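>>> Give me the fold of what follows.
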Amino acid sequence: MRKRLKRFGAIVRKELTQLVRDRTTLGIVLIIPFLELFLFGYAVDLTVDHIPTAVADMSLDAQSRALIDALEASGYFDAVTYVEDEAAVIRAVDEGRVRAGVVIPPDFATQVERGRAQALILLDGSDSFTVQSGYGAATAIAQDRAMKLMVEKVGQVGGRLGRLPITSSVQILYNSNLDDMVFIVPAMAGMLLQLLAVNLTAMAVVRERELGTIEQLLITPVRPIELMVGKMVPNVFVTAFDMLSVTLLGIFWFGVPFQGDPWLFAWLSLLFLVSGLGMGLLVSTMAQTQKQAQQITTLLMLLSMLLTGFLYPRAPMPPIIRAIGNFIPLTYFVRIVRGIFTKGVGLSLIWSDVVALIVYGGVVMVVAAATFRKRLD
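Got it, this is the predicted structure:
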């Protein structure tokens with residue numbers, strides 16, 4: 001019995017010593033639970049308020065101003081831009097600058113006096129959380145404003161309550177049936193593409209190091225950047241095939257309509273794929289073992305789910321949390337894929353996210369190559 005305990009103690013000491021010496025793995029294991037708790041506590045907020053809103057006030061009178069003030073005072077809507085008409089509001093939604101719009105007709109004040117004024121509320125249907133929060137809020141705010149006007153009018157001239165002088169017409173753009181698959185499938189395609197791209201390349205350099213074949217590469221005249229690109233190219237074909245399969249499955253099996261240009265979608269998906277593969281190579285050059293690489297990729301997937309707009313809205317997140325999400329390429333591709341897939345927008349409306357992906361892909365490849373060179377030294 002004593003010998004068994006002695007052998008058991010030796011194994012425990014050996015494993016503890018190995019765990020303590022592997023400081024990177026130990027640090028990741030200890031930090032992840034705190035990071036998850038922090039992110040879920042601050043980043044995940046399903047009640048969307050302060051929705052960026054474009055306002056087309058074509059009446060420009062006290063009644064229209066009072067309605068806009070009531071929308072902003074509720075805390076659900078923030079008027080971030082004022083435009084000329086409904087078409088300009090829809091363009092602002094397409095560009096991603098706003099998630100909602102308010103259109104007030106030119107004769108709004110006159111119609112209020114006649115008891116039949118109507119304001120149009122537009123909501124971005126590609127963002128399900130905005131629709132869920134904005135739909136009920138817009139209706140309730142308009143009804144509350146109308147009731148106050150009616151009470152004031154009855155108090156001034158007497159009589160009894162009649163029909164509400166203001167009604168709101170809420171229109172959901174791009175997803176009028178509130179189909180969750182329209183919201184999920186395009187972003188899921190991007191999420192799966194990043195998952196495959198990172199996982200395929202994250203083990204590349206680490207596997208060479210653990211198998212002992214890295215020395216054979218070192219004696220060749222291949223430069224670090226050439227090695228990075230060479231390891232990435234074969235994975236491009238695999239992930240591109242997976243992306244095509246997921247997209248076609250979403251369209252023909254789940255019935256999600258594809259509204260945009262398929263060739264633009266294909267080229268920008270390839271650009272995003274390169275960014276994801278580059279991020280995987282960077283992980284591969286930083287990790288000492290395949291176990292560490294797996295832990296880092298798991299952390300990246302967690303961050304991608306929470307901080308990129310894939311599932312949870314980014315608008316309610318604190319600025320520092322949104323800043324962390326900006327370092328993940330899926331943040332930009334989610335807006336691109338929903339813009340092309342769901343809204344049918346062109347390059348002119350998503351160019352800023354495209355530029356961000358180009359810069360990201362170039363920077364991450366250079367950093368991966370530099371890190372690889374440094375590790376070899």
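
>>> Make sure V283 is actually in contact with L299.
No - here V283 does not reach L299: they are 9.6 Å apart, not a contact under Cβ atoms under 8 Å. Yep, even glycine has a C-beta here, placed from its N, CA and C like the rest.

>>> Look at those two and report which has more neighbours.
For V283 versus L299, neighbours defined as other Cβ atoms under 10 Å are more numerous around V283 (27 against 16).

>>> Sticking with the more buried one, tell me its helix or strand.
Under DSSP states H and E, the secondary-structure element containing V283 is helix 262-286.

>>> Which secondary structure elements does that helix sit against?
In terms of contacts (3 or more Cβ pairs under 8 Å, 6 or more residues apart in numbering; DSSP states H and E), helix 262-286 is packed against helix 180-202, helix 204-211, helix 224-252, helix 290-307, helix 330-338, helix 347-376.

>>> List the buried residues of stretch 63-75.
Under the neighbour-count criterion of 16 or more other Cβ atoms under 10 Å, stretch 63-75 has Q63, S64, L67, I68, A70, L71, E72 buried.

>>> again, but for stretch 323-341
Going by 16+ other Cβ under 10 Å, stretch 323-341 has these buried residues: 324-325, 328-341.

>>> so who does A189 touch?
Taking Cβ atoms under 8 Å, 6 or more residues apart in numbering as the definition of contact, the neighbours of A189 are M243, V246, T247, G250, V337, F341.

>>> mind listing the helices for the stretch 51-200 of the chain?
Remark: helices assigned in the stretch 51-200 of the chain by DSSP state H, counting those that start in this stretch are 62-73, 86-94, 108-114, 128-157, 180-202.

>>> quick revisit: burial-wise, tell me which of the helices and strands packed on helix 262-286 comes out on top.
helix 330-338 (a mean of 27; mean count of other Cβ atoms under 10 Å).

>>> for that one, what is the average pLDDT?
Averaging the model's pLDDT scores along helix 330-338 yields 90.

>>> that older thread, of all the buried residues of stretch 323-341, which comes closest to V131?
Proximity of the buried residues of stretch 323-341 to V131 (Cβ to Cβ) peaks at R338, which lies at 13.2 Å.

>>> Out of the helices and strands packed on helix 262-286, point me to the one whose mean pLDDT is lowest.
Least confidently modelled of these is helix 204-211, at a mean of 70 by mean pLDDT.

>>> before we move on, back to that, got the contacts of A189 as TSV, with distance to A54 columns?
Shown next, in TSV, are those (distance: Cβ to Cβ, whole Å):
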residue	distance to A54
M243	33
V246	33
T247	30
G250	29
V337	23
F341	22
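
>>> measure the residue nearest to Q259 when sequence neighbours are not counted to F265 for me?
With sequence-adjacent residues excluded and distances taken as Cβ to Cβ, 6 or more residues apart in numbering, Q259 is closest to G344, at 3.2 Å. Between G344 and F265 the computed distance is 10 Å (Cβ to Cβ, to the nearest Å).

>>> before we move on, back to that, by how many degrees do the helix holding V283 and helix 330-338 diverge?
With axes from the mean of the first three to the mean of the last three Cα atoms, to 10 degrees defining the directions, helix 262-286 sits at 160 degrees from helix 330-338.
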